[in-house]
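Visitor: Next input, structure requested:
(one chain, ligands or ions: 1)
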Amino acid sequence: MVINVCVGSSCHLKGSYDVIQTLKKIIEDKNLGDKVELKASFCLGNCSNGVSMKVDNEPLDNVTPENIEQIFNEQLMPRI
Ligand code: FES
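Guide: I've put the predicted structure just below:
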């Protein structure tokens, strides 16, 4: 699974750095390093719904440092 997190200026202001840090920690804690590739990307063109991500090229929006863990566990984990 490839997860792209937008680090464009709008998403950066909404906490994309913290989203990435939390994802890194989850991936490490769950030992998913060989199954999940985490990447930063430039503006994904959906700034008003940021933080924006793409998961295997599917958009996933309205991510926050607060909800990323829940999103990961509920929506992404079952697909890994
Ligand atoms: S800055 Fe993230 S979608 Fe534009």
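
Visitor: host element of the closest residue to Val7 other than its chain neighbours?
Guide: Nearest residue to Val7 in three dimensions, chain neighbours excluded: Ala40, at 4.5 Å (Cβ to Cβ, 6 or more residues apart in numbering). In short, each C-beta sits where N, CA and C put it, glycine included. Using DSSP states H and E, Ala40 maps to strand 37-41.

Visitor: buried ones in that strand?
Guide: For strand 37-41, burial by neighbour count (16 or more other Cβ atoms under 10 Å) applies to 38, 41.

Visitor: can you tell me how far Asp56 sits from Arg79?
Guide: 8 Å (Cβ to Cβ, to the nearest Å).

Visitor: anything in contact with each of the two?
Guide: Both Asp56 and Arg79 are in contact with Met1, where contact means Cβ atoms under 8 Å, 6 or more residues apart in numbering.

Visitor: doesn't Ile26 make contact with Gly33?
Guide: No - counting by Cβ atoms under 8 Å, Gly33 stays clear of Ile26, with 11.0 Å between them.
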